[in-house]
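> missing the sequence, but the structure's below:
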């Protein structure tokens with residue numbers, strides 16, 4: 001009887017916690033959409049088009065740069081590296097990168113990419129800066145996902161005569177693709193929500209970029225400027241709603257793409 005009461009109490013507590021999390025999410029989303037509803041119109045959305053394009057360009061370029069570097073680093077740490085000073089130094093560098101404030105990344109990007117490499121305030125400089133920020137997330141998530149793949153998968157492939165590199169790419173990474181996709185989705189969320197690093201490297205020019213060497217203003221930077229200037233909080237809430245919708249669309253697209261890939265394999 002006592003055990004049954006404990007189980008019921010624990011189940012009830014877990015349910016309450018889940019309800020609180022969902023309630024907060026619905027409350028925040030409802031608050032933002034209701035506050036920004038009065039600014040939603042075609043003219044407002046057209047004015048946000050340059051910021052939306054700059055945000056998408058920033059996402060694509062930074063992910064294309066950070067993903068292969070992060071995945072190959074995780075492959076080295078899990079499949080090739082022997083425990084020692086070099087591996088410890090790499091892991092220490094990864095942990096250090098994850099703990100650095102974003103504004104420090106922004107200052108580094110401004111000094112190195114913008115000034116030293118003469119890129120100027122551009123989407124490329126911002127993407128390179130953000131790509132460095134994404135490396136810890138991609139590396140650590142990919143590393144843990146690869147380690148979770150049963151060793152028997154790789155051993156079976158090697159026993160059948162496949163090379164180690166083929167086993168890694170055709171067996172291990174294919175089995176770990178769900179975790180890798182999760183790392184990419186988390187990285188996209190960080191790119192979309194980043195402000196300080198982009199503010200110091202990509203600039204804040206509210207115009208349609210013609211190339212990655214042009215300066216641009218992302219949605220998060222535009223939202224910050226609207227809220228900071230205090231000119232129109234309604235526009236700020238509407239921009240936040242568009243930002244949330246963009247993230248949901250990207251995450252849903254990634255989920256559908258991953259699901260279709262799994263069905264075709």
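The structure has been received and is ready for your questions. Computed from a predicted model, the values in this text were never measured in an experiment.
> so what's the residue nearest the centre of the chain closest to, chain neighbours aside?
Central residue of the chain (Cα atoms, centre = their mean): residue 187, 1.4 Å from the mean position. Excluding the flanking residues, the one nearest residue 187 by Cβ to Cβ, 6 or more residues apart in numbering is residue 134, at 4.4 Å. C-betas here are computed from N, CA, C, even on glycine.
> the one you found contacts residue 63, doesn't it?
Yes. Using Cβ atoms under 8 Å, residue 134 and residue 63 qualify as a contacting pair, with a distance of 7.5 Å.
> those two: which is more packed in?
Neighbour count, other Cβ atoms under 10 Å: between residue 134 and residue 63, residue 134 has more, with 25 against 20.
> can you give me the domain boundaries for the protein?
What the record gives for the chain is the domain set 1-39, 42-264, from automatic domain parsing.
> SS state for residue 213?
coil (DSSP: H, G, I helix; E, B strand; the rest coil).
> how much space separates residue 117 from residue 129?
Taking Cβ to Cβ, to the nearest Å as the measure, residue 117 and residue 129 are separated by 11 Å.
> with neighbour numbers in mind, choose between these two.
residue 129 (26 against 12).
> now the helix or strand hosting the more buried one, how far from the centre of its chain.
Using DSSP states H and E, the secondary-structure element containing residue 129 is helix 123-148. Between the mean C-alpha point of helix 123-148 and the mean C-alpha point of its chain there is a distance of 8 Å (Cα atoms, centre = their mean, to the nearest Å).
> residues of that helix that come out buried?
Of the residues in helix 123-148, 123-143, 145-146 count as buried by neighbour count, 16 or more other Cβ atoms under 10 Å.
> quick revisit: can I assume the residue nearest to the centre of the chain is in contact with residue 66?
Yes. Between residue 187 and residue 66 there is a contact at 6.6 Å, judged by Cβ under 8 Å.
> residues shared between the contacts of these two?
With contacts taken as Cβ atoms under 8 Å, 6 or more residues apart in numbering, the residues that reach both residue 187 and residue 66 are 134, 138.
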